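Student: Sequence and predicted model, in that order:
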Amino acid sequence: MPVRVFLGTILGIGISLSTLSGLVAWGLGGFGAPFPEALPVALALSIIGAFLIYLFVPAITFSDRYIGRLKDPRTIAFTFDDGPNGTTTLKLLDLLSELNIRATFFLVGKWVESEPEIAREIARRGHQIGNHGYSHRVLTFLSPRKVKEEVTKAQDAIFRITGVRPTLFRAPHGFKSLFLARALKPLGLTPIRWTVGVWDTECPPPKTIADRALRRLRGGGILLLHDGDGDRPRADREPTLQAIRGIAAGLTARGLTPAVPSAVDLPLPGRNRKVILALVGFVLSAILLLFAVREVKWPEFFSLLHSLKWLPLIAALLLNLLVDVIKGYRFGLLLRHSYRVPLPAAVGSIFGGYAINCVLPARAGDLARFVLLEREARVRKRDSAMAYVGERILEGFGIVALGLVALAIFFLTGTLPPSWVIKGMLLVAGLSTLLLAALFWFKRRPPHWFPPAIPGKTLVRLFPLSLLLWILQAWIVALSLQSLNIHLPAYGSILILVVVNLAMMAPAAPAGIGPFEFAMVAGLALFGVPPTMAFSTAIIYHALQVIPVVFIGLPWALVLTAGKAKTVAPGPENPDS
């Protein structure tokens, strides 16, 4: 990994940890502690902590060039470190041949030179050989020259004696170095870690080793075992040897087959960037939540919650459920050209995806919607993704239309009779519809950003339904405000809705906690609503969005994943689908 990427990642982790720890300390201090003054110290300590976590926790990597697990969930990898060992490795090879297991041996260069016949025998038996450094030194504290020397000397020794040039490298103890990538790249080595370690170097009883492995191993896992010792050439590894038969039997009973890792198992490019994006989202959420609550008077906040008007709140809750049902209906219509998706399946995917978004960061629920719909209605994920793009286009045009109306009214007049609001909304809606029609009827081909699997006319026809959805959501905002005796003009509810949805586009923690509250408080401040009352409204409105989908969507997703996939009738334009 480039040094600049590493340092940037460490800085991001440091900021995240320091912000979150600062928020906790600030909260424990009764929200009166000097949070801003303590932030630099927390930041420095967190960066140091993040740096140490990266170096000494094998599972933490930020590069796409690390193999972390096998891609095939039906397989498992047996890997053995610290050999060859004159007392154990040959017995191990016989046992693996008996069990028909091909394993990966990460060899220490100096032991290859002292046990050359055993090293050659590993290669002759067809097992994969990896590089484990020359002298099993911890690379973290070595200079760039020494790191390169450890890797290169081991690579040369293994190739000279076995005729095999390793393609995988596992760092001794899993401890990393900032200079490791620079040493591995010229030799064509890919770094690899493990998913399950069983601490067999402590020589516990064989049953303990087997139980540890079987309890934690899952499909695609990489099991770390040891046939040698980095410091002792003929260490006793008999307990590990005796445990392998039980481990293999347990994995076979689960339907898992042994395999060896390769470059094919590298994660997809960008996967770790998504992890970093999620991390940035947590940081941003914490900072924005801090700004949202900094002027909140907590006794007044709880008093406001106790004085809620329940009738508007119940009406908003029911209206929010109706909105989600209509969204499911619209999603089914976007797929109508290829599939006849039952309404319960389409609506269920909406609820399930939104619920997962409330649990996982980085809008993971959007992908979950595709998976749920594929399982429930046999809709290919690619087609669901195209429908999702169409949905985003419709919502984008709709929010732009309503936002332009609200902003124009707010900045030009400040107040306007409701009839003018309605006329303005209809005017912009009509212009937006004409724009969509022009894009798809008067051009020879759709724009490059348009999903090719969805007819343009479908989007035009669904645009009024999308506008209706935004109007209903603005009504939900108004009802949430009324539950706290806050009365805004119609364009005010629309403007709040626009601001909140724009804020939710930023990477955020699960359920958008932080940006949601900050946007609500900032939007209501434009209308002179005090911070405590604004934050109370944000909490109520957010709860209306989250609670129904969590209570409906999560159980639905769990039931669906536990059951069998259903078939669906083919669509009118795809009779063989």
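Tutor: Happy to help now that I have it.
Student: And for the strand or helix carrying residue 224, what's in contact with it?
Tutor: Assessed by DSSP states H and E, residue 224 sits inside strand 222-226. When contacts are defined by CB atoms under 8 Å, 6 or more residues apart in numbering, strand 222-226 is touched by residues 67-70, 76-83, 192-198, 200-201, 209, 213, 217, 237, 240, 244, 247, 261. C-beta here means a position set from N, CA and C on the backbone, and glycine is covered the same way.
Student: Then stretch 476-489?
Tutor: 304, 307-310, 312-313, 315-316, 319-320, 323, 415-416, 418, 421, 490, 493, 496-497, 524, 527, 529, 533, 536-537, 540-541, 544.
Student: Generate a ChimeraX selection restricted to the buried entries among the residues you listed.
Tutor: Buried residues within the contacts of stretch 476-489, by 16 or more other CB atoms under 10 Å, are selected in ChimeraX with:
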select :304,312,313,315,316,320,323,416,421,490,493,496,497,524,527,529,533,536,537,540,541,544
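Student: Now, the contacts of stretch 476-489 that are in helices?
Tutor: Taking DSSP state H as the definition of helices, the contacts of stretch 476-489 contribute 304, 310, 312-313, 315-316, 319-320, 323, 418, 421, 490, 493, 496-497, 524, 533, 536-537, 540-541, 544.
Student: which strand is the longest one in the protein?
Tutor: strand 75-83 (DSSP state E).
Student: residues contacting the spatially closest residue to residue 496 that is not a sequence neighbour?
Tutor: What sits nearest to residue 496 in space, not counting adjacent residues and going by CB to CB, 6 or more residues apart in numbering, is residue 523, at 4.4 Å. Neighbour list for residue 523: 495-496, 499-500 [criterion: CB under 8 Å, 6+ apart].
Student: Distance of residue 523 relative to residue 469?
Tutor: Using CB to CB, to the nearest Å, residue 523 is found at 20 Å from residue 469.
Student: where does residue 176 land in three-state SS?
Tutor: coil (DSSP: H, G, I helix; E, B strand; the rest coil).
Student: pretty sure it is touching residue 138, no?
Tutor: No - using CB atoms under 8 Å, residue 176 is not in contact with residue 138, being 10.0 Å away.
Student: more neighbours, these two?
Tutor: residue 176 (25 against 17; other CB atoms under 10 Å).
Student: what's that one sitting at in phi/psi?
Tutor: Dihedral pair for residue 176: phi -100, psi 170, per degrees, to the nearest 10.
Student: Kindly provide the distance from it to residue 125.
Tutor: 31 Å.
Student: In contact with residue 256, which residues?
Tutor: 74-76, 217, 219.
Student: Need these in a markdown table (columns: pLDDT and neighbour count).
Tutor: Formatted as a markdown table, the contacts of residue 256 follow (pLDDT from 0 to 100; neighbours: other CB atoms under 10 Å):
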| residue | pLDDT | neighbour count |
| --- | --- | --- |
| 74 | 93 | 12 |
| 75 | 95 | 20 |
| 76 | 95 | 28 |
| 217 | 92 | 20 |
| 219 | 92 | 16 |
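Student: Those residues: which two are farthest apart?
Tutor: Pairwise distances across these peak at 12.9 Å for 74 and 217 (criterion: CB to CB).
Student: Strands of the chain, start to end?
Tutor: With DSSP E as the criterion, the chain has strands spanning 75-83, 104-107, 128-131, 168-169, 190-191, 196-197, 222-226, 257-258.
Student: name the helices or strands packed onto the first one?
Tutor: The criterion is 3 or more CB pairs under 8 Å, 6 or more residues apart in numbering; DSSP states H and E, and the helices and strands that strand 75-83 contacts are helix 89-99, strand 104-107, strand 222-226, strand 257-258.
Student: buried ones in the strand holding residue 224?
Tutor: For strand 222-226, by 16+ other CB under 10 Å, it's 222-226.
Student: how about the helices in the stretch 301-450 of the chain?
Tutor: Secondary structure of the stretch 301-450 of the chain (DSSP state H, counting those that start in this stretch): helices located at 310-334, 343-357, 364-377, 381-412, 418-441.
Student: burial measure for the closest residue to residue 316 other than its chain neighbours, as a count.
Tutor: Sequence neighbours aside, residue 479 is the residue nearest to residue 316 in space, at 3.8 Å (criterion: CB to CB, 6+ apart). By other CB under 10 Å, 24 other residues sit near residue 479.
Student: Now do residue 479 against residue 188, distance only.
Tutor: Here residue 479 is placed at a distance of 63 Å from residue 188 (CB to CB).
Student: Quick check: closest non-adjacent residue to residue 295.
Tutor: residue 531 (4.0 Å).
Student: pretty sure residue 71 is touching residue 264, no?
Tutor: Yes - Residue 71 is in contact with residue 264 according to CB under 8 Å; the separation is 6.6 Å.
Student: end to end, how far does stretch 166-184 reach?
Tutor: With CA to CA, to the nearest Å as the measure, stretch 166-184 spans 11 Å from end to end.
Student: next one: stretch 118-130
Tutor: 15 Å.
Student: What average pLDDT does that stretch get?
Tutor: Stretch 118-130 shows a mean pLDDT of 96.
Student: now swap in stretch 97-106 and tell me
Tutor: 96.
Student: Run through who's touching that stretch.
Tutor: 77-84, 89, 96, 122, 125-132, 168, 170, 227, 244-245, 248, 258-261.
Student: Could I get the buried residue list for that stretch?
Tutor: Per 16+ other CB under 10 Å, stretch 97-106 contains these buried residues: 99, 101, 103-106.
Student: same thing with stretch 328-341?
Tutor: Residues of stretch 328-341 classed as buried by neighbour count (16+ other CB under 10 Å): 328-339, 341.
Student: quick check: domain ranges of this structure?
Tutor: The record's domain split for the chain, according to automatic domain parsing, is 75-265, 296-562.
Student: would you list the ones you listed in TSV and tack on distance to residue 282?
Tutor: TSV is the format used below for the domains of the chain (distance: least, CB to CB, whole Å):
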stretch	distance to residue 282
domain 75-265	23
domain 296-562	5
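Student: and residue 286, which of the ones you listed is closest to it?
Tutor: Taking CB to CB, domain 296-562 is the member of those nearest to residue 286, at 6.4 Å.
Student: Could you tell me how far the residue sitting furthest away from the middle of the chain is located from residue 124?
Tutor: Seen from the C-alpha centroid of the chain, the residue lying at the greatest distance (CA atoms, centre = their mean) is residue 117, 46.5 Å away. Relative to residue 124, residue 117 is positioned 10 Å away (CB to CB).
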